[in-house]
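*Asks:* sequence-free structure coming up:
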């Protein structure tokens, strides 16, 4: 480190090389995209073209630099090729290279900068839950594909029918099957611009059937995705929770069947520091286990108690009165396991030994706070 | 009470200070909003501007008064700050203060009264099921957010593509990326005004893909919400029912596992007084337990029997013939636990002792009515 | 019967008095509605006004007659009032009385006949599954209502915002809040006629948010209905199946828990006479129990065997090869209980004694057909 | 074979006679449809009409030939009639005969070739998952039909109401009930062309209610399909998996109840040759059993191991660290059974003997690779 001539640069490089997007990267994408949009608004661009150009070049320089740093970092870890041909690597390369390539190929600057639209793809790896959505798509791909084929068939049959019925009445708009296809897509997706509309009675009757079929396609599509999503949510929640359950000593004494059972009941949430989890006086319908991090309890008498990993809280509202009797706030980034009342009751019923542990702790706390 | 100079006012203040919206408050919102709308319809306003102004001022006065009363009430209960910064408190303040503030700041009366639109927010705390919807949103927020990001990305990529393809053919409507963004949002939400429509063949091909993607976004969004809603409904029903089950002596002898099991089978409904629950001669497919309130049974011979908290009825249609043999009506606000036939059978099978109790009671009633 | 002067009329009256709609009634509704529509198409009406008028008067006469017959029938059964104030009775009365009332009140014949639109309500009691839909609506009414309130709030807030932002640019279309409300409803339902469209940049930004909210409202609505529908389907299927299971001797030896278990696995279908249930050579993935009616099996050697109530068939494809080896057709209206392969396996596993019965029967049949 | 004068033709005939569509058939449909579309684009057709005509005649000849070959093949197998009247047989006949029939009947060539649209139906039997969609439709047909009837009723009532309210203001567009019906369908499906729009205040109020009802119809439709789809997916998955489970010796020792249990946990996927299943370094959350086919494991030391039918892999990521430690690729068309982590845990808990088998194998492999 000390040998490097530019310590700030090396720090920056370390930050850039990491897996997740850094704040400068988000800023570069945001500014770059904003300037690219501004470039196309003639009055705005004319009055500030120097600034716009400067920001665009700066963003481009940043992306080129970022790609180079990441590639170097990957090569040092002997993963050069893996990075270069991964989705991230290709997006980084596209963000760095397409605009210079277009400029060299002789495109006008305005058109070349339009290619800055690829910068938006840099946000893709940062989208939470994208992996989940992609898996739903993959699992349900056969069904979704067959709905798409049915959709395209209806579009095609409808457009030929309308071409046949409307070509004489409206030679301008229904003069060929491709023109009728445009009408069919606009109609079947229920977009309905109104630029191409059937006017003959038979054409309208066919169009009415097409529109109603459109609802059916919608319904099928949604039904498939809803089904897939419900299954995927269950799986993902189990994966996230499974790992955390093992860190809570409270569950340690359970056998493997019971652990799987408990895991299905819990839900994982991650909270940033200084977030209020429980507000005094609110209605309580769940209790919490701390899988990682820590929380602070503001007791009535002005005392403050900190609970760490493995502790639980919020059980009193489930056992006695339903109102919370203290404010509880996270102190650091905290992962909690949430147990809803419905599952709390089931858990207590199926595993009475856990119920006794919670009862004892609740009694101890109630005594202490008196 | 007797010391106060205006007993009616004090009564009114007591009513206003409560948690739920009172009828005068609903009326004030309704009239205020109606007059605010009328204010913008020139012919109507010109012919009746005195009345409109009078009602508006009266509503404003009511909201100022209401806020003051509630704040005083909260301060007396030593909850002044909690109320002032709660959602309700802030809405009450906004309803009372925005219009005077705008008038003082020099806005024209017509524009100032437009701010009366915030009065509609006073209805928010009274919406049933809002809490449930909000929790679904919170639990599924990560998934919904990622669909939103995908939606915005598709919108952006589509608008740049269309700007590129259509800017020469239609410089008026596709002359800049912001203009194309408007087209993309209108299209991807399948609204399709038709004010901006691609005309080039390639532009239309891209637009067709965008429309079909729109259906996919719809489907994902709906699938996520449907999944979240199903889970939330199960939880909410358990919470509402759990509390009521304990009030029914019939279930008292069950152990904790069985109670959780039974709670999952029951559904809670609240009925206003004088509502007919069972009509003689109808097909019956459920029985009822009274968790709170009372019902009146019109027996065939003209006798009337009243059943109170903890009693059950409607079991005869499930045991013997499927038709109801008496009219049953609530006498007061009543909370019932509904047990559907499917769950009745399961319950009888799993807990034969409950079945015997119901059988004995049904036989007793049948004998009595002969 | 023999005393009546018009035996045909009495037969007709008997048919008309029944609960379900008769064919003449469907024909009267269809012809009446068709003529009412034709009445409004000027060229068609002018060329055939005698026929149109004649059919309309005939339909009206039929409905008056039908109402009178049904009322008389109900009075004879001492249910006169019950019929008169039931939904059916009121619809029958409306179908018979509104048009004469309008003519007497002095409406023009064309306007009066338009009221024939109420005839379409006579179809309502005949819609299959309407009861199911209504119950879903009732159970989920609180959630649906709160989505509706949110929808109306968004509509209202959006329209006031657009009125504020667009009133100067487009005084014709956004000149008052009611006009802006029209825009908001058209937009939030994603209908998007395009007759009223925001043009200012800020107005368009607000409109974009409104459109995206529209997708959310859609999603919530659908999610609620999907959840409610899934629960209701489960309940309805149980109700229909429960009754039939008891008629099949095969299940008679099961205890009550097992019966409830089996009922959840079966699905009821009703088939008209002469419907082919199993086609030779097809892939089989379910077996059938006959709850009511009879089926005919075309054995390979040209023999025909009839199976009646309580028998089962289709089990061979589930036990051995997956292809069906005989055509099986209903002979009368038949109610079948369908057991899918997935549930067949579970049933065999949980209740081995049933498996042995099916195995024995399958072996006996296989021997017989050799 | 050797007796036939045209061996290539006989080979082609053998390929054509099979159940599934061949590549030439897909190409013929694609080219035929493309040329049919081109035929309607006047400038394109004029410049290349010879080519277009030639391809169209060639496609037609192919379809005639295909139908003849298939019919002959079916007759040889004594299934001539079955083929001729099956869906496939009728589509093949339509593809071969409609255009010649139209030409003979005297239609203009351009109109006759438009009938080539029926060629697209040849793709129907090849759509994956169509059977599944059809069964959902059949099972839910009663509910879907009743929603359709409600939809049509709302359309009819709305159009009569709008005809009544708008006929004087807009005699051109709302001059008859059929014209108003067009408006109602366009509105209730939320298509909203904007060619027919109510302008009177009352007409707009009715239209607003119609639009909101449209959302409800959407929701019901989707809810029904989603419910049906979820049930059907469960059934289909069981069917596909059941057959495969029996081929995996690992599950052979389980009793029938456990087999049904395991089958519900597994998911079947079919993969083409040379597909990478597991990539080294990825996160693993499932393990695989080979139901048919074979896979190749690239071990760290450069060794390659082939696993065949009945083997399992991917279990190490579930037992120890979550990252995959080898690339695994299919060598031939392979059917895998996927066991997700959530179900893996449950399986291990419920059937500890399976857990021990997997543990032993994992330990053996870990030792081997050291």
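*Replies:* Thanks, I have the structure now. Keep in mind that what you see is a predicted model, and the values were worked out from it rather than measured.
*Asks:* give me the nearest residue to residue A:261, chain neighbours excluded.
*Replies:* Take residue A:261 and drop its neighbours on the chain: the residue closest to it by Cβ to Cβ, 6 or more residues apart in numbering or on different chains is residue A:350, 7.2 Å away. Where you see a C-beta, it was placed from the backbone N, CA and C, and this is true even at glycine.
*Asks:* buried residues, stretch A:309-321. List them.
*Replies:* Buried residues in stretch A:309-321, counted by 16 or more other Cβ atoms under 10 Å in any protein chain shown: A:311-319.
*Asks:* got the contact list for the residue most central in space within chain A?
*Replies:* The C-alpha lying nearest the average C-alpha coordinate of chain A belongs to residue A:128 (Cα atoms, centre = their mean; 3.1 Å). Contact analysis of residue A:128 by Cβ atoms under 8 Å, 6 or more residues apart in numbering or on different chains lists B:142, B:145-146.
*Asks:* mind running it again at 10 Å?
*Replies:* B:141-143, B:145-146, B:149 (Cβ atoms under 10 Å, 6 or more residues apart in numbering or on different chains).
*Asks:* PyMOL command for the buried members of the residues you listed?
*Replies:* Applying 16+ other Cβ under 10 Å to the contacts of residue A:128, the buried members can be selected in PyMOL as follows:
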select buried, chain B and resi 143+146+149
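*Asks:* pairing partners for the residue lying closest to residue A:307 once chain neighbours are set aside in the sheet, please.
*Replies:* Excluding its sequence neighbours, the residue lying closest to residue A:307 (Cβ to Cβ, 6+ apart) is residue A:295, at 5.2 Å. Counting by DSSP bridges, residue A:295 is bridged to residue A:307, residue A:330.
*Asks:* which parts of chain A are helices?
*Replies:* A:7-17, A:23-39, A:42-76, A:80-84, A:87-104, A:109-114, A:130-139, A:141-166, A:177-188, A:201-245, A:256-265, A:316-319, A:341-350, A:352-368 (DSSP state H).
*Asks:* and the second one with chain C, contact?
*Replies:* If I follow you right, that is helix A:23-39. No. Applying Cβ under 10 Å from any Cβ of the partner chain, one finds helix A:23-39 out of contact with chain C, separated by at least 12.6 Å.
*Asks:* tell me the buried residues in that helix?
*Replies:* Quick answer for helix A:23-39 (16+ other Cβ under 10 Å): A:25, A:28-29, A:31-33, A:35-39.
*Asks:* among those, which one lies nearest to residue C:71?
*Replies:* residue A:37 (71.9 Å; Cβ to Cβ).
*Asks:* against residue A:117, how distant is the spatially closest residue to that closest one that is not a sequence neighbour?
*Replies:* Spatial nearest neighbour of residue A:37, excluding adjacent residues (Cβ to Cβ, 6+ apart): residue B:177 at 4.5 Å. From residue B:177 across to residue A:117, the span is 9 Å (Cβ to Cβ, to the nearest Å).
*Asks:* so for those two, which residue has more residues nearby?
*Replies:* residue B:177 (24 against 21; other Cβ atoms under 10 Å in any protein chain shown).
*Asks:* still on that earlier bit, any common contacting residues for residue B:177 and residue A:117?
*Replies:* In contact with both residue B:177 and residue A:117: A:33, A:36-37, B:156, B:159-160, B:163-164, using Cβ under 10 Å, 6+ apart.
*Asks:* quick check, nearest of those residues to chain C?
*Replies:* residue B:159 (11.4 Å; Cβ to the nearest Cβ).
*Asks:* picking that back up, which residues does the residue nearest to residue A:37 contact?
*Replies:* Per Cβ under 10 Å, 6+ apart, neighbours of residue B:177: A:33, A:36-41, A:114, A:117, B:156, B:159-160, B:162-164, B:167, B:184.
*Asks:* just the pLDDT for it.
*Replies:* Here the pLDDT value assigned to residue B:177 is 91.
*Asks:* over to residue A:15?
*Replies:* Confidence score, pLDDT, at residue A:15: 55.
*Asks:* spell out which parts of the stretch 201-350 of chain A neighbour chain C.
*Replies:* Counting by Cβ under 10 Å from any Cβ, the stretch 201-350 of chain A sits next to chain C at A:218-219, A:222-223, A:226-227.
*Asks:* of these, buried ones?
*Replies:* A:218-219, A:222-223, A:226-227.
*Asks:* and the furthest pair within those?
*Replies:* A:218 and A:227 (15.0 Å).
*Asks:* list phi and psi for the residue of chain A found nearest chain C.
*Replies:* Using Cβ to the nearest Cβ, the closest approach of chain A to chain C is made by residue A:194 at 5.6 Å. With angles defined as degrees, to the nearest 10, residue A:194 sits at phi 90, psi 10.
*Asks:* go ahead and confirm it touches residue C:197.
*Replies:* No. The criterion here is Cβ atoms under 10 Å, and residue A:194 misses it with residue C:197 at 11.4 Å.
*Asks:* intersection of neighbour lists for the two?
*Replies:* With contacts taken as Cβ under 10 Å, 6+ apart, residue A:194 and residue C:197 have B:193-195, D:194 as neighbours in common.
*Asks:* what about those, which one has the most neighbours?
*Replies:* When neighbours are counted by other Cβ under 10 Å, residue B:193 leads the shared contacts of residue A:194 and residue C:197 with 28 neighbours.
*Asks:* return the residues in contact with the residue lying closest to that residue once chain neighbours are set aside.
*Replies:* Of all residues not flanking residue B:193 in the chain, residue C:194 sits nearest, at 3.8 Å (Cβ to Cβ, 6+ apart). Shown in contact with residue C:194 (Cβ under 10 Å, 6+ apart): A:192-195, B:186, B:191-197, C:186, D:192-195, D:197.
*Asks:* give me that answer again for 7 Å
*Replies:* Listed by Cβ atoms under 7 Å, 6 or more residues apart in numbering or on different chains, the contact set of residue C:194 reads A:194, B:193-195, D:194.
*Asks:* quick check: residue A:349 vs residue B:176, distance?
*Replies:* 64 Å.
*Asks:* out of those two, which sits in the more crowded spot?
*Replies:* Between residue A:349 and residue B:176, counting by other Cβ under 10 Å, residue B:176 is the more crowded of the two (22 against 16).
*Asks:* got phi/psi on that one?
*Replies:* Per degrees, to the nearest 10, the backbone of residue B:176 is at phi -150, psi 160.
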